[in-house]
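K.L.:
Okay, here's the prediction I keep looking at, along with the sequence it came from:
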Amino acid sequence: MTPGRDRAPVARPGRLSGITRDTFLSMLKDYAVPGLTIMGVALYGVFRLAYLFFYLPLRTTPEEVGYGYSRILAESVIGALELVTLIFLPLLLVGLAMHAGLAGRRHRRIEHDRPDAGGSESLVPQRALRRIGLRAFVAAVLVIVVSLPVLASWQGRLAQRGQTVRNVYFIGIPYLPVLAVQAIPADVVWINPDSERQFSLASRPCLMYLGSGDGKAILYDLRTRESIRVPAGDVSIALRYTFFAPDECRRLGR
């Protein structure tokens, strides 16, 4: 026996699974970071479009109520990813079941035609599994991309008629918020009574609070269908704990 022949190979310093550490860090910088950046921009584009569809009927924009790049991603991406997973898994199972059924019928036909053709091949080989998984994932993403703006627009029109909206959900189990929007009936009064003479809020009992940004509170008047901007520090806003604005306000909002 030659000395040292049975020794285990010694890992060389600076290598990760056959790839040098410098190469790994270079690949991370050249591919992973730009890839994540592009993914973040794409997700922001989809979410921002959905937020815009919600706020358009209320005559404002996501930016006016304080939704920028970071906030939109932080408050929406987790719910959307969970939703993609919930849609992906049933699609994957259906795809696997259909493929296994077709493969089983094909296998039985081959055995009937050639009884000597044995074998224990899997009904869902790895190649087919990857293909079905990719198709299910793409389909789940497309469902989210198409349905989010439609759902947001529908909720925005409901808010325009006086219905309280606190986040946009896909009804299901679990109950996942995917858009952190809001339109809530509110009582708004000036902190300084002298401001009432310049712009009356007491004569506007049908206000919906939409949010605030750049120091301004954004309100929607169901009666006049106006979008109102007032200094956030100069008003007191009391949000009503109700699912709908008062009946007279809802009739005006239709």
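P.N.:
Great, that's in hand.
K.L.:
alpha carbons only for contacts and neighbour counts from here, please
P.N.:
Noted.
K.L.:
low-scoring stretches of the chain, by residue?
P.N.:
The chain contains residues with pLDDT under 70 at 1-37, 39-40, 101-125, 170-176, 251-254.
K.L.:
State which strand of it is the longest.
P.N.:
strand 176-190 (DSSP state E).
K.L.:
Show me what that strand is packed against.
P.N.:
helix 33-55, helix 69-113, strand 165-170, strand 207-213, strand 235-239 (3 or more Cα pairs under 8 Å, 6 or more residues apart in numbering; DSSP states H and E).
K.L.:
chain center to the fourth one, what's the gap?
P.N.:
In this view, strand 207-213 has its centroid 22 Å away from the chain centroid, taken as Cα atoms, centre = their mean, to the nearest Å.
K.L.:
re the thing from before, after the longest strand of the chain, heading C-terminal, what element do we hit next?
P.N.:
Using DSSP states H and E, the helix or strand that follows strand 176-190 in sequence is helix 195-198.
K.L.:
Give me the contacts around that next one.
P.N.:
Contacts to helix 195-198, defined as Cα atoms under 8 Å, 6 or more residues apart in numbering, come from residues 190, 202.
K.L.:
List the buried residues of that helix.
P.N.:
Of the residues in helix 195-198, none count as buried by neighbour count, 16 or more other Cα atoms under 10 Å.
K.L.:
picking up where we left off before, and the longest strand of the chain, C-alpha only, in CSV?
P.N.:
Extracted C-alpha coordinates of strand 176-190, given in CSV (Å, rounded to 0.1, in the frame of the first residue of the first chain):
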residue,chain,number,x,y,z
LEU,A,176,-53.9,37.4,3.1
PRO,A,177,-53.6,41.2,2.6
VAL,A,178,-51.8,42.0,-0.7
LEU,A,179,-52.4,45.7,-1.1
ALA,A,180,-52.0,48.0,2.0
VAL,A,181,-54.5,50.6,0.7
GLN,A,182,-57.1,52.4,2.8
ALA,A,183,-60.3,54.5,2.4
ILE,A,184,-62.0,55.1,5.7
PRO,A,185,-65.0,57.3,6.7
ALA,A,186,-63.7,60.0,8.9
ASP,A,187,-64.7,63.1,10.9
VAL,A,188,-62.2,65.8,10.2
VAL,A,189,-62.0,69.2,12.1
TRP,A,190,-59.5,72.0,12.2
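K.L.:
With that, I have no additional questions.
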